[in-house]
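[1] Mind looking at a prediction? Sequence and model below.
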Amino acid sequence: MNRVILDKASDDSVVTIGFDSKDCDADYRMITSRGAEPIEAPQDRPWDARTAYVKGPGGLTVEIEQLLSDTSR
């Protein structure tokens, strides 16, 4: 199942849409191999997630997020 992630932010910003991932690195490799422009390669984050970012159309940023402590997947 794919899920869209909506996070609360303290400021308005250019749109970022996040997608839940079971394997952030594999999903990042797949979409960049198909022409997505990388912004930030996968990294572990302090909020217990692994995320990567690519540039989407019209100033859209796409986030791929894999929760590291989620053992239900």
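    That came through, no problem.
[2] May I have the phi/psi pair for the residue sitting nearest the centre point of the chain?
    Per CA atoms, centre = their mean, the C-alpha nearest to the average position across the chain is that of residue 64, at 1.8 Å. In terms of degrees, to the nearest 10, the main-chain angles of residue 64 are phi -110, psi 120.
[3] Let me know the pLDDT of the residue lying closest to residue 55 once chain neighbours are set aside.
    Distances taken as CB to CB, 6 or more residues apart in numbering place residue 37 nearest to residue 55, at 4.1 Å, with adjacent residues excluded. (C-beta placed from N, C-alpha, C; glycine too.) Listed pLDDT for residue 37 reads 92.
[4] wait, isn't residue 37 in contact with residue 59?
    No: distance between residue 37 and residue 59: 12.0 Å, which falls outside the contact criterion (CB atoms under 8 Å).
[5] so where's this protein uncertain?
    Low-confidence segments of the chain (pLDDT under 70): 1-13, 70-73.
[6] next helix or strand past the longest strand along the chain?
    When the chain is parsed with DSSP state E, its longest strand is strand 37-45. Downstream of strand 37-45, the next assigned helix or strand under DSSP states H and E is strand 49-55.
[7] by contact count, what packs against that next one?
    Where contact means 3 or more CB pairs under 8 Å, 6 or more residues apart in numbering; DSSP states H and E, strand 49-55 is packed against helix 24-33, strand 37-45, strand 61-67.
[8] Can you report how many residues neighbour the residue nearest to residue 55?
    10 (other CB atoms under 10 Å).
[9] And the one 4 residues further on, by the same measure?
    Applying other CB under 10 Å, we find 14 other residues in the vicinity of residue 41.
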